[in-house]
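1. Sequence and computational prediction follow.
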Amino acid sequence: MQALQSNIALKINPNVYKKDPLSSELGEKILRHGINLMEELGFEDFTFKKLAIHMQSTEASVYRYFENKHNLLAYLTMWYWSWMEYRLLMRTINIEDPKTRLRKAIQCVTEVIEVDSAFSQIDESKLQRIVIIESSKVYLCKTVDADNKSGFFLVFKSLVQRIADIILEINPGFKYPHMLVSTIIEGAQHQRFFADHLPRLTDVVKGEDAVTTFYTQLAERELSIE
């Protein structure tokens with residue numbers, strides 16, 4: 001398992017960047033500082049000028065890797081969902097029972113993230129907080145159709161499809177597998193945000209991860225899993 005983790009390469013669509021940030025120390029520095037600063041400031045107040053100052057470099061150096069901050073956010077979101085799919089595979093690879101695999105998959109995409117030592121260039125915990133707050137801005141925008149044609153959302157679609165396939169193993173006649181999976185993933189993000197900032201819009205249960213429990217039970221009810 002450790003050997004597999006050390007050799008894993010997450011796939012990011014090259015249309016989102018000018019130069020692969022993982023190909024150089026400067027690129028990795030842009031990612032690390034970009035995550036730190038975007039989490040601190042929020043996407044609206046984040047700029048490449050501020051990033052350059054934060055990392056003690058030049059604005060031009062950042063633009064050599066990304067056309068704009070929208071594409072940087074898209075890259076970080078792609079990386080997160082690609083990593084999430086990798087985690088899901090690692091957790092379910094040796095499990096034959098699809099019901100157990102589904103429960104593992106739901107836990108994977110709804111739980112609070114801890115840092116993964118296999119990917120030292122990315123702080124996954126901070127990245128999750130960015131994804132929860134900012135990731136919808138990648139597709140809730142005027143360029144969504146062009147970005148979709150460029151493959152910006154292929155990684156997320158692949159993750160949704162992988163879990164939808166598990167659902168269809170359990171119930172081949174279920175009509176809404178993709179809708180159920182995307183509802184679970186997006187809904188879990190909203191509930192995490194509500195718990196931190198608008199707690200009267202959700203239910204925080206002491207001693208329980210209410211978000212994971214709720215969406216697991218939701219899927220089980222929809223699929224009539226006992």
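-> Ah, there it is.
2. Please, where are all the helices along this protein?
-> Taking DSSP state H, the helices of the chain run over residues 2-7, 25-41, 48-54, 59-63, 69-92, 98-110, 124-134, 144-149, 154-170, 177-197, 210-222.
3. residues of the third one that come out buried?
-> If you call a residue buried by 16 or more other Cβ atoms under 10 Å, then helix 48-54 has these buried ones: F48, K50, L51, A52. Glycine gets a C-beta too; all of them are placed from N, C-alpha and C.
4. quick one: which of the helices of the chain is nearest P14?
-> helix 69-92 (10.2 Å; Cβ to Cβ).
5. Need the CA coordinates for the closest one. PDB is fine.
-> Taking Å, rounded to 0.1, in the frame of the first residue of the first chain, the C-alpha atoms of helix 69-92 are listed here in PDB:
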ATOM      1  CA  LYS A  69      -7.400  33.000 -10.300                       C
ATOM      2  CA  HIS A  70     -10.500  31.200 -11.700                       C
ATOM      3  CA  ASN A  71      -8.200  28.600 -13.300                       C
ATOM      4  CA  LEU A  72      -6.100  28.300 -10.100                       C
ATOM      5  CA  LEU A  73      -9.300  27.600  -8.200                       C
ATOM      6  CA  ALA A  74     -10.400  25.100 -10.900                       C
ATOM      7  CA  TYR A  75      -7.000  23.400 -10.600                       C
ATOM      8  CA  LEU A  76      -7.200  23.100  -6.800                       C
ATOM      9  CA  THR A  77     -10.700  21.800  -7.100                       C
ATOM     10  CA  MET A  78      -9.700  19.200  -9.700                       C
ATOM     11  CA  TRP A  79      -6.800  18.100  -7.600                       C
ATOM     12  CA  TYR A  80      -9.100  17.700  -4.600                       C
ATOM     13  CA  TRP A  81     -11.700  15.500  -6.400                       C
ATOM     14  CA  SER A  82      -8.900  13.500  -8.100                       C
ATOM     15  CA  TRP A  83      -7.400  12.900  -4.700                       C
ATOM     16  CA  MET A  84     -10.800  12.000  -3.300                       C
ATOM     17  CA  GLU A  85     -11.300   9.400  -6.000                       C
ATOM     18  CA  TYR A  86      -7.900   7.900  -5.100                       C
ATOM     19  CA  ARG A  87      -8.900   7.800  -1.400                       C
ATOM     20  CA  LEU A  88     -12.200   6.100  -2.400                       C
ATOM     21  CA  LEU A  89     -10.400   3.500  -4.400                       C
ATOM     22  CA  MET A  90      -8.000   2.700  -1.600                       C
ATOM     23  CA  ARG A  91     -10.800   2.300   0.900                       C
ATOM     24  CA  THR A  92     -12.900   0.000  -1.300                       C
END
